[in-house]
Each structure stands twice: as C-alpha cells, then as structure tokens.
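In: how would this look folded up:
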Amino acid sequence: MSRRSIVIVGAGHAGVQAAASLREEGSDDAIVLISGEPDLPYQRPPLSKAFLKGAMDLAGLPLRAEQFYRQKRIDLRLGVQATRIDLAARRVELGADGAEAFDHLILATGARPRPFAIPGVDLDGVLGLRSIADAASIRERLGPGRRVVVIGAGFIGLEIAATALAVGGEVTVVEIARPLGRAVSPPTSDFFLDAHQTFGASFRLGVGVTAIEGANGAAAAVVLADGERIAADLVIVGVGVLADDRLALAAGLACDNGIVVDALLAASNPAVSAIGDCALFPQRSVGQMLRLESVQNATDQAKSVARRLTGKPAPYAALPWFWSDQGDLKLQIAGLSHGVDRWVLRGDPKDRAFAAFGFRGGALAAVETVNRGAEHMAARRIIGGSLPISPDEAADPAFDLRKLALSAKT
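Out: Numbering: from 1, shown residues only. Model prediction:
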C-alpha cells in the first residue's frame with residue numbers, strides 16, 4: 001500500500017488516540033493532527049475536578065508529552081483552525097495557515113456549548129467549561145465565601161458544584177428538570193440530589209433562568225423564571241452541548257446534531273471518518289443512532305478507525321461506560337439506559353455505596369454504581385458478555401457477581 005496522507009481535525013481524546021493507534025497498528029502514513037488550541041492536547045475530565053480544585057497543575061494535564069509526537073512522526077499543529085473542508089480537492093483549509101491535502105480525513109471535532117441566549121450571559125464572571133482557559137478562569141474565581149450559581153445539574157455542573165463547595169464556596173444549582181436527569185435512573189438522581197445538599201449546595205429545581213444581572217460589567221445575580229433573584233459572584237453555565245459538526249455540514253457531509261457515520265465509523269463520503277463526541281453512529285445494543293460524550297467512546301472509536309485504515313475493519317461495538325467524581329462519590333456507569341423498563345437496587349443509598357441495575361425486556365442493559373468499583377467492573381463483563389442475570393439476583397447482595405462476570409468469554 002502506498003503511503004497516504006491522513007489528516008485528523010481535533011486533538012482531544014479522540015484525535016490524539018487516533019494518531020497514536022495508527023502508529024500502534026503499523027501505519028507508516030503521514031499523519032497531521034490539527035488542534036485549534038495553543039496548548040498540548042490535554043485531558044478533559046480533571047478540568048472540573050482536580051485541576052479546578054488546585055490538586056493538579058498544567059503539567060499534569062497533557063495526554064502525551066511533546067516528544068511523543070516527534071518520536072511517532074505525528075505532525076502536531078497547535079493553534080491552527082480548520083476553516084473549510086474541500087471534499088472534491090481532498091484538502092482542509094486552515095485559514096492563514098494555508099491548507100493540508102488528505103487521502104483520508106478523520107474528524108474528531110468534539111462538541112460545543114449549547115447556545116444559552118439570555119440577557120446578561122456575556123457579563124464578566126459568566127463562564128462555561130470546555131477548555132484549559134475556561135478552567136483556569138473559573139479556578140481564579142473560586143474560594144471561601146464566593147457565591148457560585150451553577151445553571152444545569154448535569155455531570156459538569158455537579159462536578160463543578162462539588163469542587164466549588166470543597167474550596168469554601170457557597171453554591172446554588174438551578175435545574176429545569178432533575179439532577180443528572182438525562183443520564184441516570186431516578187434512584188441515582190435522587191441520591192445525588194441528597195448528597196449535594198449534604199455537601200452544602202442549595203437547589204432550585206423545575207425552574208428556568210430568565211436573566212443574569214450585572215453590576216459594573218460583572219455578574220451580580222441570577223434571575224429565575226419565578227422571579228427569585230440569587231446573588232452571585234460567579235455563574236457557571238452548564239446546559240449541555242451540541243456536536244461540533246459545522247465543518248462537516250458545510251462540506252456537504254450528512255449530519256444530524258452529529259456527523260452521521262456507519263458501523264465502521266465512515267461518514268457519507270468514504271474519504272472521511274468521524275469519531276468521538278461529534279459522531280452520530282449506530283449503537284447496536286439499543287438499535288438506534290446515538291452520539292456519546294465520553295472518554296471511553298472517543299478512545300475506542302479512535303482505535304476502531306485506526307484498525308480499519310490499516311486493513312483490519314470491524315463494526316464498532318464497544319460497550320459504553322462512563323464515570324463522574326463528585327466530592328467523595330465516584331459514579332460509574334456501564335451500558336446504556338435507553339429503553340430500560342425496570343431498575344433494582346443492590347445495597348442501600350444511605351450507605352453512600354450502592355448499585356442500580358437497569359433491565360430492558362428482562363435483559364441487563366445498564367448498571368450505575370456509586371463507590372462500588374468492583375461491581376462496576378463486573379457489570380461491564382456481564383453486560384458485554386450478554387450473561388444471564390435476573391432482577392432478583394442483581395438485587396441480592398449474596399449473589400456472586402464476580403463469579404458470573406468471570407464466566408464471560410474474553
């Protein structure tokens with residue numbers, strides 16, 4: 001096979017893993033990795049936790065050392081923006097930095113914040129969290145007595161809330177639905193609401209935000225739809241994200257809040273693949289197209305595309321799993337809860353360590369664990385191996401999950 005030019009747009013977890021995996025799979029192709037950010041590609045999860053708290057500095061964030069890219073002959077371009085994809089000419093335009101031709105293009109463009117158009121959202125002290133720069137700005141503003149209002153009780157919102165409380169802040173969380181409502185079961189949602197209240201957070205649930213008031217150009221208060229005004233020194237907007245599929249859409253690739261790909265993660269033009277948060281792919285376990293925002297999905301899809309491009313194609317079928325650290329609580333999720341019609345608990349949430357097993361049509365589909373890492377690992381093997389387990393067995397603390405998990409074929 002002749003030496004190809006592979007261009008990867010996006011240098012988050014997916015893009016960096018794609019470049020690394022191509023080399024691991026034996027590719028001798030020219031690899032160009034384009035990052036719109038000036039920093040070495042970095043880990044995202046610590047931004048809302050260890051880095052924000054000051055327990056990790058910038059030196060601990062890079063995914064790979066700078067020398068890795070040199071040694072693996074990966075042409076890393078920092079601070080370069082991909083502005084247009086010309087599919088006919090097979091090149092990516094890079095604004096003032098020219099253009100880069102490709103034989104194959106991997107889009108790992110990630111996600112962008114969901115628009116939140118209310119009065120005052122542009123005031124100083126109103127921040128989201130998508131980058132090192134965002135995290136550094138938030139960290140500078142946290143501290144004892146700082147009044148923090150978090151809009152949105154998803155993973156990022158609750159992680160930041162826990163971190164802000166841990167450094168002495170006063171936190172109010174505003175959520176139109178329920179905490180983690182789109183991601184976890186009702187029992188787990190209820191548990192995290194109680195837990196964050198125990199940490200010291202106040203909640204305003206079932207109400208939206210109509211405006212952010214300012215004083216001297218900076219955020220001073222959040223105004224709720226019911227008229228309540230909450231004083232704030234810092235406002236965190238965490239209302240979710242959209243796939244960053246703008247480049248792909250402008251190029252004429254099929255998109256639907258995500259770049260549409262097939263089971264091999266190929267886009268509607270065969271010269272293009274899409275991976276990670278920006279990819280809308282067929283998820284076999286639930287029988288529908290999904291877009292997943294997780295480090296696991298990003299890295300596993302990157303590995304899958306690298307294998308395909310080096311002559312070892314296989315449908316993407318990795319089991320999804322996720323995690324979130326909130327205070328002293330580690331939430332881990334295996335599988336997907338789409339279509340789950342029954343949840344059973346193993347253990348008591350009052351003990352701050354339990355598991356929720358979700359069944360779809362009698363088969364185990366998802367398991368949420370809090371501070372039970374061993375059960376999470378067992379669940380991944382049980383779900384991944386389609387091993388039989390009943391709701392009664394799952395709820396029975398005497399039932400040996402580990403023994404069942406070890407029977408899975410590896």
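
In: leaving aside the residues next to it on the chain, what's closest to residue 200?
Out: residue 165 (5.0 Å; C-beta to C-beta, 6 or more residues apart in numbering). For glycine as for every other residue, the C-beta is placed from the backbone atoms N, C-alpha and C.

In: My read is that the one you found contacts residue 199, right?
Out: Yes - applying C-beta atoms under 8 Å, one finds residue 165 in contact with residue 199, separated by 5.0 Å.

In: domain assignment for the chain?
Out: Using automatic domain parsing, the domain ranges for the chain come out as 5-112+242-309, 126-239, 328-406.

In: Turn the ones you listed into CSV, columns for mean neighbour count and distance to residue 322.
Out: As requested, the domains of the chain are exported to CSV (neighbours: other C-beta atoms under 10 Å; distance: least, C-beta to C-beta, whole Å):
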stretch, mean neighbour count, distance to residue 322
domain 5-112+242-309, 20, 5
domain 126-239, 19, 8
domain 328-406, 18, 4
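
In: Make TSV from those domains and add distance to residue 319 and mean pLDDT to it.
Out: Below are the domains of the chain laid out as TSV (distance: least, C-beta to C-beta, whole Å; pLDDT from 0 to 100):
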stretch	distance to residue 319	mean pLDDT
domain 5-112+242-309	8	96
domain 126-239	16	96
domain 328-406	4	95
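
In: ok so, going back, so the residue nearest to residue 200, which state does it fall into?
Out: Classification of residue 165 using DSSP: H, G, I helix; E, B strand; the rest coil returns helix.

In: Then the one 3 residues further on?
Out: Under the three-state scheme (three-state DSSP), residue 168 adopts coil.

In: show me what contacts it?
Out: Counting by C-beta atoms under 8 Å, 6 or more residues apart in numbering, residue 168 makes contact with 143, 144, 145, 146.

In: From the residues you listed, pick the one nearest residue 68.
Out: The closest of the contacts of residue 168 to residue 68 turns out to be residue 143 (C-beta to C-beta; 35.5 Å).

In: Isn't that closest one up against residue 167?
Out: Yes - look at residue 143 against residue 167 with C-beta under 8 Å: they come within range, at 6.0 Å.

In: What separation do you get for the residue nearest to residue 13 when sequence neighbours are not counted and residue 265?
Out: Nearest non-adjacent residue to residue 13, counting by C-beta to C-beta, 6+ apart: residue 298, 4.2 Å away. Distance check for residue 298 against residue 265: by C-beta to C-beta, to the nearest Å, it reads 12 Å.

In: which residues do the two both contact?
Out: Common neighbours of residue 298 and residue 265 are listed as residue 275 (criterion: C-beta under 8 Å, 6+ apart).

In: Where does residue 248 sit: helix, strand or coil?
Out: On the basis of three-state DSSP, residue 248 is classed as helix.

In: ranges for the helices of the stretch 251-400 of the chain?
Out: Taking DSSP state H, counting those that start in this stretch to define them, one finds helices in the stretch 251-400 of the chain at 295-309, 373-384, 391-395.

In: would you turn those helices into a markdown table with distance to residue 361?
Out: Output for these, formatted as a markdown table (distance: least, C-beta to C-beta, whole Å):
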| stretch | distance to residue 361 |
| --- | --- |
| helix 295-309 | 24 |
| helix 373-384 | 14 |
| helix 391-395 | 12 |
